[in-house]
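A.B. asks: Sequence below, structure please.
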Amino acid sequence: MKHTLSALVQDQPGVLTRIAGMFARRGFNIDSLTVGPTERPGVSRITMVVPGDEHDVEQMTKQLYKLIDVLKVTDITNVPCVERELMLIKVNASPDTRSDIMDVAQMFRARIVDVAEESLTLEVTGDPGKMVAIIKMLTHFGIREIARTGLVALTRESGVNTEYLKQQPALASV
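C.D. replies: Residues are numbered from 1 along each chain as shown. Below is the predicted model:
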């Protein structure tokens, strides 16, 4: 199972290197990693998507807390969150397929950010499921390149779990 860890760290040189080194030494992998400043000066948020079970995540969290610049670590996997990712995807586009690709882009609210004779580049923002879905839809056109930012996430203050709501029959049709 994949877990999403949100860590608040002091914004100091070498913090990310120490975290990545600690994960490598312990044999933990990182599927996705994003870092950026927070609302508090001198504090950055690191969002990591890591594979593993509950025991692995507990060990990762304990190891992170041993690093002096780590202020707080939270496993937000099962907490209601807003999750987003940015992806650029370059797709083969002949004159015959261009309008079909533009239809797919419109369906996913993607923006076309570059047009060339034989390709289109799309910008897609959304949750990871949206990324997987649009890649699947565009695969048969021929994907040339993909660049993804990795996941960023914040817990929902409202506590509303949108994944739960999507599964409710009465609300799914609204």
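A.B. asks: What's the mean pLDDT across stretch 31-50?
C.D. replies: Stretch 31-50 carries an average pLDDT of 95.
A.B. asks: what does that stretch rub up against?
C.D. replies: Residues outside stretch 31-50 that contact it (CB atoms under 8 Å, 6 or more residues apart in numbering) are 2-11, 15-16, 19-20, 23, 28-30, 51, 56-57, 60, 71, 85, 148-153. (Each C-beta comes from the backbone N, C-alpha and C, glycine too.)
A.B. asks: Try it again at 6 Å.
C.D. replies: Residues outside stretch 31-50 that contact it (CB atoms under 6 Å, 6 or more residues apart in numbering): 2-9, 11, 30, 150-153.
A.B. asks: Could you pull out the strands in the protein for me?
C.D. replies: Using DSSP state E, the strands of the chain run over residues 2-10, 32-37, 43-51, 70-75, 81-92, 111-115, 119-126, 143-148, 152-155.
A.B. asks: What pairs with the fourth one, parallel or antiparallel?
C.D. replies: When pairs are called by DSSP bridges, strand 70-75 turns out to pair with strand 2-10 (antiparallel).
A.B. asks: Would you indicate which residues of the strand it pairs with are buried?
C.D. replies: Within strand 2-10, the residues that qualify as buried are H3, T4, L5, S6, A7, L8, V9, counting by 16 or more other CB atoms under 10 Å.
A.B. asks: How much space separates the first one from N78?
C.D. replies: Remark: distance between H3 and N78 (CB to CB, to the nearest Å) = 9 Å.
A.B. asks: In this structure, where is pLDDT below threshold?
C.D. replies: Low-confidence segments of the chain (pLDDT under 70): 162-174.
A.B. asks: tell me, what residue is most central in it?
C.D. replies: L151 (1.8 Å; CA atoms, centre = their mean).
A.B. asks: Surely that one and E85 touch.
C.D. replies: Yes - shown here, L151 and E85 form a contact pair, counting by CB atoms under 6 Å, at 5.3 Å.
A.B. asks: Mind putting the strands of the chain into TSV with distance to V132?
C.D. replies: Compiled in TSV, those are given as follows (distance: least, CB to CB, whole Å):
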stretch	distance to V132
strand 2-10	13
strand 32-37	13
strand 43-51	13
strand 70-75	22
strand 81-92	10
strand 111-115	19
strand 119-126	10
strand 143-148	11
strand 152-155	17
